[in-house]
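A.B. asks: Need coordinates for the following:
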Amino acid sequence: MASLYFYYSAMNAGKTTSLLQTDHNYKERGMDTLLFAYAKDTRYGQGTITSRIGLQKQAITFDKDFDFFRYVKGAKSVACVLVDEAQFLTKDQVDQLSDVVDVLNIPVLTYGLRTDFQGNDFDGSQRLLATADILVELKTVCHCGKKATMNMRIDEKGNKISQGEQIEIGGNEKYISVCRKHFKTGKSKK
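C.D. replies: Just a heads-up that it's a prediction; the model follows:
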């Protein structure tokens, strides 16, 4: 039976690496997958899913107007749908992905952040936490050794940034995963 999965964590927990490994496993068994990447994340090129350890794969891009159900329904022989940066999904898109599972009987695996740099929910993550069949927390660690659950936006000197747009694409140069205590105090290791 197909299910809707949400693999979530703070940054640097290996979400994208896990997604790419899952894709490889399906391909190795001769099964077709559909990979989706957030259109505004062009750090490694348009539609390129890239992990911090250097693995990468081309994907179909989505923005807020993309219709996942319609796209997947029109595709042939899809064994699994994989979505990177799922926090950027709209609530309607999460519902479309649940229809892929419920109507088309195709498993959907989504990977994303639970919260933003201010500790607030993303719409996509909030909807996935509420409706996914299976929730999987991928863990990472703070510089103090505790479990990191928060994403802190930092400037070039490592100082916490508390204001700004919710969505600002970036990697280790803009964000650090920290425990709740260091999120509250604003202390990064930089």
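A.B. asks: For stretch 20-37, which outside residues touch it?
C.D. replies: Stretch 20-37 is contacted from outside by 19, 47-49, 51, 55-62, 68, 71-72, 75-85, 109, using Cβ atoms under 8 Å, 6 or more residues apart in numbering. Using the backbone N, CA and C atoms, a C-beta is placed for each residue, glycine as well.
A.B. asks: what helix or strand does the spatially most central residue of the chain sit in?
C.D. replies: In the chain, the residue lying closest to the centroid (Cα atoms, centre = their mean) is Gly112, at 2.2 Å. Assigned by DSSP states H and E, Gly112 falls within strand 108-113.
A.B. asks: How confident is the prediction for Ile132, by pLDDT?
C.D. replies: Just to correct that, residue 132 is Ala rather than Ile. pLDDT for Ala132: 98.
A.B. asks: right, and it touches Tyr5 too?
C.D. replies: Yes. Between Ala132 and Tyr5 a contact is recorded at 6.2 Å, counting by Cβ atoms under 8 Å.
A.B. asks: shared neighbours of these two, anything?
C.D. replies: If you check Ala132 and Tyr5 against Cβ under 8 Å, 6+ apart, the residues they both contact are Thr110.
A.B. asks: What is the burial count for Leu89?
C.D. replies: Applying other Cβ atoms under 10 Å, we find 27 residues neighbouring Leu89.
A.B. asks: roughly how far apart are it and Arg127?
C.D. replies: 7 Å (Cβ to Cβ, to the nearest Å).
A.B. asks: Over to Phe88?
C.D. replies: Distance, Phe88 to Arg127, by Cβ to Cβ: 12 Å.
A.B. asks: Looking at these two, which is more packed in?
C.D. replies: The residue with more neighbours, out of Phe88 and Arg127, is Phe88; 25 against 22, by other Cβ under 10 Å.
A.B. asks: Skip the chain neighbours and tell me the closest residue to that one.
C.D. replies: Spatial nearest neighbour of Phe88, chain neighbours left out: Tyr38 (4.7 Å); criterion: Cβ to Cβ, 6 or more residues apart in numbering.
A.B. asks: Thr61 is in contact with that neighbour, correct?
C.D. replies: Yes. Counting by Cβ under 8 Å, Tyr38 touches Thr61, with 7.2 Å between them.
A.B. asks: Mind checking which of those two has more residues around it?
C.D. replies: Tyr38 (24 against 16).
A.B. asks: residue contacts, that one?
C.D. replies: Thr61, Phe62, Asp63, Asp84, Glu85, Phe88.
A.B. asks: and the two most separated of those residues?
C.D. replies: Put simply, by Cβ to Cβ the two of the contacts of Tyr38 set farthest apart are Asp63 and Asp84, 13.8 Å from each other.
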